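Q: Test case, fold it:
(chains A, B and C)
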Amino acid sequence: MSVWEILADALRNAVGPGAAAYALAAIGLNVHYGYTGLINFGQAGYMMLGAYGVAVTVAFGGPIWAGLLVAVILSIVFSLMLGIPTLRLRGDYLAICTIAAAEILRLFFRSDIAAPVTKGVNGIQRFADAFYALNPIPRGYYGVGVLRWDESTLWVMAWAWGLVLMGTVIVFGLMRSPWGRVIISVREDEYVARSVGKNVFGLKLQSLLIGGLFGSAAGVVLALSQQAVSTEAFMPEVTFFAYAALMLGGVGRTWGPALGAVVFWLVLSAFDSILRSGVESGAISSDIIGDADVGVFRFVLVGLGLLALVAFLPRGILGTIGRRA
Amino acid sequence: MHLGQLTPVATKPATRADSRMRPRSLAVAGGIVVAVLVAGMAVAGVGPLLQGLVDGLRLGLVIALAAIGLSLIFSTTGLVNFAHGSLVTFGAVMALYLNTMEGGPRLNLYLAALIAVCLGGIVAGFAEVAIFGPMRRANLPHLSLLVATIGLDMFGRNAILYFVGSRPRPFLAYQVQERIQIGGLSVAPRDLVMMALAVAALVGVAVMLQLTTLGRAVRAVADNGPLAEASGISTRFVYIAVWVIGGALAALGGIFHGMSEQVSWNGGFLLLLLMFAAVIVGGIGSAYGAMAGGILIGVVTQVSTLFLPSQLKNAVAMLVLILALLLRPQGLFGRKVRVG
Amino acid sequence: MNSKLLPAAALLAALTLTACTATNTPGGGGAVKFGYLMPETGSVAVLGGSLVASTRMAVKDINEAGGILGNKVEVVGGDTASDPTVAAQAVDRLLSRGVMAIMGTGQSAVSLSLLDKVVSSRTLMCSGADTALEFTDYPDEGFHYRTATSNLLQSIALASLMRDNGAERVAVVGRGDAFGQGLVDQLEENLGDAVAARVIYDPLTTSFEAEVGKIRDAKVDAVALIGYAEMGEFVQTMVENRLTVDNGVQLYGVNQLASNVLWESVDPGNKAVLKGVKGVTNPKTFDAGFNDRILAANAGLKQALFAAEQYDCAIITALAATAADSVDPSVVKDFVADVTRGGDECNSYADCVAALKAGKDIRYVGPSGPKNLSDAGDPTVARFATWTMDGASQVQLDGEFRCEDGTCTSGS
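A: All right, here's what the predicted structure looks like:
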């Protein structure tokens, strides 16, 4: 693999639908944690609801727009069910509660009980045809050299990044509004906010709802781009990756989520490609890293990367180079 | 003074409201447990229920051992250690290496276990000294430390995967034993030994906490860090100590788990959420609580397989966790803590 | 205020509007790329090693015989990690490289999750080890084909074996995914009333007490077990509960159970623990000639699982391209079934290419035996070897089934 191919791989993944999905999830987490101070470790649950919402609806014969509607409704219901009882918990307790709730949801979707609707462990495929049928881009490959996409991927990417752009602008507007200022005050000091008569609980719930919708959108993007959904794609790690993306970009900053997601995927793909080409070309001895170990090594590096991230770049990229929001 | 509480503070309820609270939420908790047991019996019969209780007790003791460390670390340092699962797996894998792997010393299982437990403690202590201690002193935001534990977990799990491979492996001894039949129950001899050893370890920890200087220091820091520091206790030393103890106990739990369910690279991670549930249900900061919580969670999850698909086992534990947080956040044995 | 928006948008615009190549032909001239998507890591990593080795060996043979239409074949690798999510990312990478065909994935569930994507990118895909039924009728426009026999035939063979050995009350146990559940369903159909218990276990479960308990309660005399590496622990739990061959419970399995190292996962202290276990498997797994060759060429490889089938996948693809005189997948796909049926038999890539050059109609029969692929890309003939484990828990072949068009008969 040449250097150009490595870079191209990394860049391609960094602007692909996967990165866009994580950007959306991170935008949601930014609303939750960056602006409101809520630690939601169950974002993977929202993503799963979005993905399955679309997949199940279409698999049962509904049109795509119905699928999107279902994704939205499920997200709202989950927010209410999760938020009303638990939002009075603080910090770590909320974190544990949300991760538990997401896991319950995931295990339930995976079980035989839910299988008639969710197909249990098998997951759902073959639901994205209607979406791709709407694609106006003519068949072909577009791009430069190895950095290219086919018309289907471009179609998904257009929607995905369009959503990211829209989401970023919406959040930007929200946080500059009076509502946003109150939310930030809740993050800063909940008791002061309460003491001047703000309905802190209600505000937190609204924040959870909004951030959750972004999580659900992320799931929809993942489902449509991969054309398959399975519960194994929504383990707790996914939430942690989204947090990594957010923290990398900069918590509480407008472009933090999008930038963080892109850089995260860039770095991850670069690791993968460099390792793989090193092994293939023999530069790295296959005694240390065989063909089979590249995938594992990537996660090892992600783990180390996270540690390095919190130690050396605690305010993220934007936080370090920019001024305070 | 309650044996289970880590604080010598008076245990009289602070207000009448508190004392009214206790019976009600205990009743709810008790009601849930009874409901699960009755459902199990109704669907499967008394025999399978008793078998489920025994299997649940075994699982519960493993969770309890691992959960003590989690509880101690949280109550003293305030950190929820997402890497605890890796510590569990690490202990099991170290023992596996010493016991069975080619190129390894092929030691007797007891000796391998002993060494693995020590290694577990050392590695955990190292994590505190090299990573979390410095981060805490640099006043990083709380989420950063949480994410650091997550990063450490990801690194640890995958490093283990790299070295050990994905195939679950058994220890060289005591793996396949014919079950002993007692009445309608069937139990493997090694499980009886394991359970006895686990109980002994738990009792040992309780004794350590109540009767030794270190134990008192740990309880003091858990109760009120700055006050303990002011009265001359080195919180830094206590932090390291709880990590070492936690790591050693987690390793022991991992080895026991590996004996009944083979050693796999993500065995500890699968237990992590169960450990969280055990700690919350039992009461954060209480050794007795972690034990009781672990056993409770183990029994409830195992018995639930009698009337629910076994895939939902963990989901049941998660449900109990959430209910506990909502109804009785201080758990069974914890002090009333502020959770909201 | 936010000046980052403009450059990002410009970059995206530049990339999407640069329709430099509106061509459908992947890999412009000179080299043809074969991609592979195999479980290099994860729960079926054991299989992955064998599949990758055989694919590379096939490409080597192809290149030594002059490549495809004069073009050298390059291999582009990808790891599925035995997981659909990781596989999804890997397939993106392969597709962007412009691979003509993807070899893989070794797990029916993973392959199914990728199929739509591969088809919509108009790339060929060949499986040497995916046996689920779903592939037979899957609307893949002919882009997907396989050299592994579907569960349908395998279940008929296994059911025959079990009946021949006197199984009367059977427990059918399978892993909860497309492969295991599919085969279990088929076995139930073929065994009919003899099935006393049906158990599907969660692939991620760590303890099999509940499942083994059900088998114990059903008082069966035979157990068919369908899974991957986790079967080691399952059998261990069975042994602890006295559900062994010596105690009158005959264990049966298919390829994955026919592992010479399985006993280590059951009871490393007892080499004879799996004595007497029976089953069916692909005969060529133990074919001396091909086996020796591939094991000799790959130091770390312990078993050649499905290697012959995967090897044939690559060869058939190359032959189809040669016959089509094109490397465009949309054209090549129509020639795939043809080169495996009707015409003169030839047994190696070099021989077959020579025959094609001479204008003949060929029928490739490689190390995994005759395929006679249907138009849907499924083998219509199959041979299975029956096996029994000896006193050292090693697999010994002791019989054969020949299957064609839906029926299997016992061979010698």
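Q: Would you mind naming what in the stretch 201-340 of chain B lies close to chain A?
A: Residues of the stretch 201-340 of chain B that fall close to chain A, judged by Cβ under 8 Å from any Cβ of the partner chain: B:273, B:276-277, B:280, B:309, B:311-312, B:314-315, B:318-319, B:321-322, B:325-326, B:329, B:338-340. From N, CA and C alone the C-beta is placed, and that goes for glycine too.
Q: Tell me where the model's unsure across the chain.
A: Since you didn't name a chain, this refers to chain A. Residues of chain A meeting the criterion pLDDT under 70: A:1, A:280, A:282-295, A:323-325.
Q: Let me rephrase: I mean chain C.
A: Using pLDDT under 70, chain C drops low at C:1-30, C:42-43, C:284-288, C:412.
Q: Look at residue 115 and say how many residues are nearby.
A: All of this is about chain A. Other residues near A:Ala115 come to 15 when the count uses other Cβ atoms under 10 Å in any protein chain shown.
Q: Chain C was what I was after
A: By the measure other Cβ under 10 Å, the count of residues near C:Leu115 is 24.
Q: can you tell me which residues contact it?
A: C:Leu115 makes contacts with A:125, C:125, C:138, C:140, C:144, as judged by Cβ atoms under 8 Å, 6 or more residues apart in numbering or on different chains.
Q: what about the strands in the stretch 151-300 of chain A?
A: Assigned by DSSP state E, counting those that start in this stretch, the strands in the stretch 151-300 of chain A fall at A:228-229.
Q: Report all helices and strands that the one helix or strand C:Val59 maps to contacts.
A: Secondary structure assignment for C:Val59, by DSSP states H and E: helix C:45-64. Helix C:45-64 makes packing contacts with strand C:31-38, strand C:72-79, strand C:101-104, helix C:288-297, helix C:307-324, helix C:349-357 when contacts are defined by 3 or more Cβ pairs under 8 Å, 6 or more residues apart in numbering or on different chains; DSSP states H and E.
Q: Could you tell me how far that helix lies from the centre of the chain?
A: Averaging C-alpha positions (Cα atoms, centre = their mean, to the nearest Å) puts helix C:45-64 13 Å from its chain's average.
Q: Over to stretch A:164-172?
A: 15 Å.
Q: Then stretch B:270-284?
A: Distance, centroid of stretch B:270-284 to centroid of chain: 7 Å (Cα atoms, centre = their mean).
Q: looking only at pLDDT, what's the mean for that stretch?
A: Over the span of stretch B:270-284, the pLDDT mean works out to 86.
Q: What sits closest to the residue in the stretch 151-300 of chain A positioned nearest to chain B if chain neighbours are left out?
A: Proximity of the stretch 151-300 of chain A to chain B (Cβ to the nearest Cβ) peaks at A:Phe299, 4.0 Å away. Leaving aside its sequence neighbours, A:Phe299 sits nearest to B:Asn158 (Cβ to Cβ, 6 or more residues apart in numbering or on different chains; 4.0 Å).
Q: that's a helix at the one you found, yeah?
A: Yes - B:Asn158 forms part of a helix when assessed by DSSP: H, G, I helix; E, B strand; the rest coil.
Q: next one: phi and psi at the residue in the stretch 151-300 of chain C that chain A sits nearest to?
A: Nearest residue of the stretch 151-300 of chain C to chain A (Cβ to the nearest Cβ) works out as C:Gly176 at 4.5 Å. The phi/psi pair for C:Gly176 (degrees, to the nearest 10) reads phi -80, psi 60.
Q: right, and it touches C:Ile200 too?
A: Yes - counting by Cβ atoms under 8 Å, C:Gly176 touches C:Ile200, with 4.8 Å between them.
Q: rewinding a little: which ones are touching the residue of the stretch 151-300 of chain C closest to chain A?
A: C:Gly176 makes contact with A:120-121, B:311, C:200-203, according to Cβ under 8 Å, 6+ apart.
Q: And it, how close does it get to C:Leu152?
A: According to Cβ to Cβ, to the nearest Å, C:Gly176 and C:Leu152 sit 20 Å apart.
Q: mind listing the helices for the stretch 51-200 of chain C?
A: Assigned by DSSP state H, counting those that start in this stretch, the stretch 51-200 of chain C shows helices spanning C:84-96, C:108-120, C:134-137, C:151-164, C:178-191.
Q: and among those, the most buried is which?
A: helix C:108-120 (a mean of 26; mean count of other Cβ atoms under 10 Å in any protein chain shown).
Q: Now do that helix: distance to the chain's middle.
A: 14 Å.
Q: Export only the CA atoms of it, formatted as CSV.
A: Provided in CSV are the C-alpha atoms of helix C:108-120 (Å, rounded to 0.1, in the frame of the first residue of the first chain):
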residue,chain,number,x,y,z
SER,C,108,-23.4,-17.1,6.7
ALA,C,109,-24.6,-14.4,9.1
VAL,C,110,-21.8,-12.1,8.2
SER,C,111,-22.1,-12.7,4.5
LEU,C,112,-25.8,-12.1,4.6
SER,C,113,-25.3,-8.7,6.3
LEU,C,114,-23.0,-7.6,3.5
LEU,C,115,-24.7,-9.0,0.5
ASP,C,116,-26.9,-6.1,-0.4
LYS,C,117,-23.9,-3.8,-0.4
VAL,C,118,-21.8,-6.0,-2.5
VAL,C,119,-24.6,-6.5,-5.0
SER,C,120,-25.3,-2.8,-5.3
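Q: what angle do it and strand C:31-38 make?
A: Helix C:108-120 and strand C:31-38 are oriented at 150 degrees to each other (axes from the mean of the first three to the mean of the last three Cα atoms, to 10 degrees).
Q: could you give the angle of helix C:108-120 to helix C:84-96?
A: Going by the same axes, to 10 degrees, helix C:108-120 is angled at 30 degrees with respect to helix C:84-96.
Q: re the thing from before, TSV please, covering the contacts of C:Gly176 and showing neighbour count, distance to C:Asn298 and secondary structure.
A: Converted to TSV, these look like this (neighbours: other Cβ atoms under 10 Å in any protein chain shown; distance: Cβ to Cβ, whole Å; DSSP: H, G, I helix; E, B strand; the rest coil):
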residue	neighbour count	distance to C:Asn298	secondary structure
A:Gly120	23	37	helix
A:Val121	25	33	helix
B:Gln311	23	37	helix
C:Ile200	22	35	strand
C:Tyr201	23	32	strand
C:Asp202	22	33	coil
C:Pro203	20	28	coil
